[in-house]
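Student: Mind looking at a prediction? Sequence and model below.
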Amino acid sequence: MSDIMPGWLNSLSRDGCFIVVGRAGIDLYPTPAGTQISSANTFSSDVGGSAGNIAVALARSGQNVELLSSLSTDAIGDFVANNLRNYGVGLTYVGRTTGRQRTSLAIAEVNAEKPEVVIYRNNASDLTLNETHLEKLPFATAKAIIITGTALSSEQANQQLRRVAQNANDSGCPVVFDIDYREMAWRSPNHAKNVISDFCPYVDLLVGNDEEFAMLSGGSLSEGKSYAKKFATDIKVTLYKVGSSGCEIFWNHLGKHVSIYQVTAIKPFGAGDAFLGNLLSHLVHEQNWLEAIRTGAAAAAMVVSRQGCASAMPDIESLRKFQSETKFGL
């Protein structure tokens, strides 16, 4: 399985940047940890949103990364932009909206067992993509474009990103797609299934958890796994995440399970973003999928054992230290 070498993998060694597409917003966490939202008196803040988190994970792991999104022209948009910039994320392709569109807000309890998460995405600014930015994306030199599923949830953004993905395909730029299913962002699960399924032909690396693949298959968890396996061919790869049980990789009728690092989790969210960002960063330097998945698993373990999302993403030194000191495997 370490010999998986679809041709597009070589593009990760190009000199350009990663481009991450989707939502970046502000997260609020009731403090102290364990406090319920409904009874909280104080909150701590951080950057969040799947695309923002993946971009930060890549930047913290030493990669050149640009975010493709939009933020509202207000203090919240400024907060997110300033923090992303401080983490090393490029904002060349980030627009600023001036209408009723607003930057996303998520309020999440720091609780390992079924935390309450409330997300406000009324007129979400990140679904308003700047056409000028789309025309200037450097597909010929980019390492990969990473698209998060929620970015497809509006018809306008969906059509724009289809053109983006087609241009990426034509330029030999890998398309990585994180299903990132958030039910409240879609008209219905069936709507999400149809839109994402129609987008999958553009995708080189498809990433999701067991519940997301079940949604995509329109059936049970077993049907979701069958969908994940069927997607994987000699040129396409699937990463099938199964939470505390680890991750399975599928390619060309082959499959392999990779375990996790053992930590005490204080929350479940942010792990998938850390996993994907660090996995891709590892593949830039060493094209070994199993080691890349282990690197992503280490980053995910670190994030679930820390408060915050973007601020919890590890740098290279802390990640290596964690891997050397923490037990791997169940």
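Tutor: Here it is on my side, so go on.
Student: Next, please give the residue ranges for the helices of the chain.
Tutor: Taking DSSP state H, the helices of the chain run over residues 50-60, 75-87, 131-135, 155-170, 189-199, 210-217, 221-231, 271-285, 289-304, 316-325.
Student: So which of the ones you listed is nearest residue 117?
Tutor: Of all those, helix 50-60 sits nearest to residue 117, with 12.8 Å by C-beta to C-beta. From N, CA and C alone the C-beta is placed, and that goes for glycine too.
Student: Between helix 75-87 and that closest one, find me the angle.
Tutor: 20 degrees (axes from the mean of the first three to the mean of the last three C-alpha atoms, to 10 degrees).
Student: Centre of the chain to helix 50-60, how far?
Tutor: 8 Å (C-alpha atoms, centre = their mean, to the nearest Å).
Student: between that helix and helix 316-325, how big is the angle?
Tutor: With the same axes, to 10 degrees defining the directions, helix 50-60 sits at 90 degrees from helix 316-325.
Student: Give me the distance between residue 221 and residue 228.
Tutor: In this view, residue 221 and residue 228 are 11 Å apart by C-beta to C-beta, to the nearest Å.
Student: any common contacting residues for the two?
Tutor: residue 213 (C-beta atoms under 8 Å, 6 or more residues apart in numbering).
Student: These two - which one has more neighbours?
Tutor: Counted by other C-beta atoms under 10 Å, residue 221 and residue 228 do not tie: residue 228 has more neighbours, with 26 against 13.
Student: In this structure that one contacts residue 214, no?
Tutor: No - in this structure residue 228 lies outside contact range of residue 214 using C-beta atoms under 8 Å: 9.9 Å.
Student: ok, now which ones touch residue 178?
Tutor: The contact partners of residue 178, by C-beta under 8 Å, 6+ apart, come to 50, 54, 146, 147, 148, 149, 207, 208, 272, 276.
Student: ditto for residue 92
Tutor: With C-beta under 8 Å, 6+ apart, residue 92 has these contacts: 66, 133.
Student: So what's the predicted local confidence for it?
Tutor: Looking at residue 92, its pLDDT is 97.
Student: for the one 10 residues further on, same thing?
Tutor: The per-residue pLDDT reported for residue 102 equals 96.
Student: my read: it touches residue 122, true?
Tutor: Yes - look at residue 102 against residue 122 with C-beta under 8 Å: they come within range, at 6.9 Å.
Student: quick one, which of these two is more surrounded?
Tutor: residue 102 (21 against 9).
Student: Relative to residue 69, how far out is that one?
Tutor: 13 Å.
Student: Next, show the common contact partners of those two.
Tutor: residue 125.
Student: Report the beta-bridge partner residues of residue 208.
Tutor: When bridges are called by DSSP bridges, residue 208 pairs up with residue 240.
Student: That one - how many residues pack around it?
Tutor: Neighbours of residue 208 (other C-beta under 10 Å): 25.
Student: Any idea what residue 247 is bridged to?
Tutor: If you apply DSSP bridges, the partners that residue 247 bridges to are residue 241, residue 258.
Student: Run a quick neighbour tally on it.
Tutor: Close neighbours of residue 247, defined as other C-beta under 10 Å, add up to 24.
Student: give the contact list for it.
Tutor: Counting by C-beta under 8 Å, 6+ apart, residue 247 makes contact with 239, 240, 241, 257, 258, 275, 293, 296, 297.
Student: so how far does stretch 82-100 reach from one end to the other?
Tutor: With C-alpha to C-alpha, to the nearest Å as the measure, stretch 82-100 spans 21 Å from end to end.
Student: same question but for stretch 9-24, I mixed them up
Tutor: Using C-alpha to C-alpha, the end-to-end distance of stretch 9-24 comes to 27 Å.
Student: how about it: buried residues?
Tutor: Judged by neighbour count (16 or more other C-beta atoms under 10 Å), stretch 9-24 contains these buried residues: 9, 11-12, 14, 16-24.
Student: hang on, the earlier thing: closest one of the contacts of residue 178 to residue 113?
Tutor: residue 272 (18.1 Å).
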